[in-house]
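1. Return atomic coordinates for the entry below.
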Amino acid sequence: METIREGINIGLKHLSNHPRNVRKDYGDLTELTESIKEMGLLQNLVVVEAPGNDPSKLAFEKDYWVVAGNRRLLALKEANKDKNYPYATCKIVDMTESEQIAMMLTENINRSSLTPLEEADGFQMMLDLGDTVDDIAKKTGFGKTTVRHRLNIAKIDKDVISQKNEDGWQVSLKDFEKLEKVPPEKRSEILEKSTSSQNMDWQIEAYAREKEKKKNRQLTLESIEAKGIGKLPDGASGYAIIKTLDYGEECPDIEGGAYWREGYNWFAIVQQASDNEEDEETEEEREERLAEEAKEDARQKIRGIAKSMDDDQHDFVNMRIEEGRLPGDKQTTLEVLWNTIVRTETGINQQQIVKFFTGKQWYDTQPDAREEAWQQYLRLPTELQMLIAVSTKITGLVNSGGVPGYQGRYDEAVGQKLQVACSALNIFGFSPTYEQQTVIYGTSELYAQED
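-> Numbers count the residues shown, from 1 in each chain. Predicted coordinates:
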């Protein structure tokens, strides 16, 4: 930075707020305006020459952008709006655009806090002008880690952030830093789907699980194909399952010719079944068999989707237990959970609590493990104990044989209880996927329709 002229009086009509100032909202200027009216401008404005000036003009005739003192300029104009030729005492400097942005950032931070988004915009401007992270840190006084965090914020869609703020969720710095757990191209999408900080935690966890699921699926498929096993042709008949593989499992050696087909979160290895029938299958029998196989496949997919939802909600509840509390007002939380327990006819016993914490049935656990699970439950606050009750109710409904119901149809009674229970969890940040919601609400095309 080079000082060109110190202490020059420039008419206010020649002074403008800097167009690249990261602060867009200058706040309430009433107090500052009154102070200027009473005591005048106590500190010179720092200005740079605006582009497009006529070089033949004298210094006080040219137009300038304010680098330091943008709020003071607005207050000064308001305080002197009735004067014929109001002016401000200025310091004219020569600065690079990057230096201008750095000075505005520093002044705004020192005088009043910028939002993380405003800081992010400023740092991104400097980066776009050729500064490195080290340069930005030196010019602004921020640590390099902070600079990197803010630059990550700048990659998020501003319209999405604005919409969240309009919806009443003021996205915090902590929220932005949590989003760094996912790739830059996914951050705006996850923020857009989130309804609160707690729900965003869940969306991030769900993204990580889905990414892991896809990776495990690919690993299993590659291991199957490495054994020379191809996909079962559509409409093929007379094949029996000899091995099922969950996503992530490696395919063993298979003797004889085999094919694979895919279920929900698993692969099945199939081989030609031995045919003990004397007569060949008629076309009508084949169509009936294929129709029944399609129905069974749909039922298995519905069960798989419901099971994945149950696993997700169980993980979510455990995440809330680890945090030791639920968001929001405690009294309201207790009312929501109690209402859910009553509407879903929920009860809970020690066997269910042991299953929740250990993942094992009562008869598969040792007495000391049972006691440890029970004591862990008793140490929790009431609202978390109630949340576990709702969670175990969902697990019971999913495993009750009612998802799907009779002949693969939607069971209205079971579905309504699942809706109530999941809606309660949603208040605390849990969101079933779209596919899971179609199973819960009965809109999935996989459900058999009434004849």
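2. Report the distance from stretch 432-451 to the chain centre.
-> Distance of stretch 432-451 from its chain centroid, counting by Cα atoms, centre = their mean, to the nearest Å, is 25 Å.
3. List the buried residues of it.
-> 432, 436, 437, 438, 439, 440, 442, 444, 446, 447, 448 (16 or more other Cβ atoms under 10 Å). (C-beta placed from N, C-alpha, C; glycine too.)
4. Next: stretch 165-179.
-> Here stretch 165-179 shows 169, 171, 175, 176, 178, 179 as buried, counting by 16+ other Cβ under 10 Å.
5. Distance from that stretch to the middle of the chain?
-> With Cα atoms, centre = their mean, you get 10 Å for stretch 165-179.
6. what residues go with each domain of the chain?
-> 1-95, 218-291, 294-440 (automatic domain parsing).
7. who wins for proximity to residue 142 among these?
-> domain 1-95 (13.2 Å; Cβ to Cβ).
8. Endpoints of that closest one, how far apart?
-> 5 Å (Cα to Cα, to the nearest Å).
9. How far does it sit from its chain's centre?
-> 43 Å.
10. if we can go back for a sec, sort out which of the buried residues of stretch 165-179 are in helices and list them.
-> Of these, the ones assigned to helices by DSSP state H are 175, 176, 178, 179.
11. what sits against the first one?
-> Spelled out, it's residue 175. Residue 175 makes contact with 197, 200, according to Cβ atoms under 8 Å, 6 or more residues apart in numbering.
12. Nearest to residue 116 among the buried residues of stretch 165-179?
-> residue 176 (6.0 Å).
13. Isn't that closest one up against residue 155?
-> No - counting by Cβ atoms under 8 Å, residue 176 sits too far from residue 155 to count as a contact (10.2 Å).
14. for this structure, longest strand please?
-> strand 2-11 (DSSP state E).
15. So for the next helix-or-strand element following that strand, what gets flagged as buried?
-> Heading C-terminal from strand 2-11, the first helix or strand you meet, by DSSP states H and E, is strand 15-17. Neighbour-count burial for strand 15-17 flags 15, 17 (criterion: 16+ other Cβ under 10 Å).
16. What are the contacting residues of the least confident helix or strand in the chain by mean pLDDT?
-> Across the helices and strands of the chain, mean pLDDT, DSSP states H and E gives its lowest value to helix 97-111, namely a mean of 82. Under the contact criterion Cβ under 8 Å, 6+ apart, helix 97-111 has outside partners 1, 18, 20-23, 46, 48, 65, 67-71, 95, 114, 118-119, 122-123, 125-126, 129-131, 135-136, 139-141.
17. From the chain's centroid, how far away is it?
-> For helix 97-111, the distance to the chain centre is 31 Å (Cα atoms, centre = their mean).
18. after the lengthiest helix in the chain, next one along is what?
-> For the chain, the helix with the greatest residue count under DSSP H is helix 283-323. Downstream of helix 283-323, the first helix or strand assigned by DSSP H and E is helix 330-343.
19. Can you give me the buried ones in the host helix or strand of residue 38?
-> Assigning secondary structure by DSSP H and E places residue 38 in helix 30-39. The neighbour-count check on helix 30-39 (16+ other Cβ under 10 Å) flags 32, 33, 36 as buried.
20. Which helix or strand lies directly C-terminal to it?
-> Next in line after helix 30-39, if elements are assigned by DSSP H and E, sits strand 45-49.
21. that older thread, looking at the buried residues of stretch 432-451, which are in helices?
-> Per DSSP H, the buried residues of stretch 432-451 map to helices at 436, 437, 438, 439, 440.
22. okay if I get the residues you listed as TSV plus distance to residue 101?
-> Output for those, formatted as TSV (distance: Cβ to Cβ, whole Å):
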residue	distance to residue 101
436	46
437	46
438	49
439	52
440	50
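23. Tabulate those (TSV), appending pLDDT and distance to residue 190.
-> Output for these, formatted as TSV (pLDDT from 0 to 100; distance: Cβ to Cβ, whole Å):
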residue	pLDDT	distance to residue 190
436	93	17
437	93	18
438	94	21
439	95	23
440	95	22
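24. Closest one of those to residue 270?
-> Nearest to residue 270 among those, with distances taken as Cβ to Cβ, is residue 439, at 26.0 Å.
25. Run through the residues that contact the closest residue in space to that closest one that isn't next to it in sequence.
-> Distances taken as Cβ to Cβ, 6 or more residues apart in numbering place residue 305 nearest to residue 439, at 4.8 Å, with adjacent residues excluded. Residue 305 makes contact with 264, 435, 436, 439, 444, 446 under the criterion Cβ under 8 Å, 6+ apart.
26. Just the buried ones from the contacts of helix 97-111, in ChimeraX syntax?
-> In ChimeraX, the members of the contacts of helix 97-111 classed as buried (16+ other Cβ under 10 Å) are selected with the following command:
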select :18,21,22,23,46,48,65,67,68,69,70,71,114,118,119,122,123,125,126,131,135,136,139,140
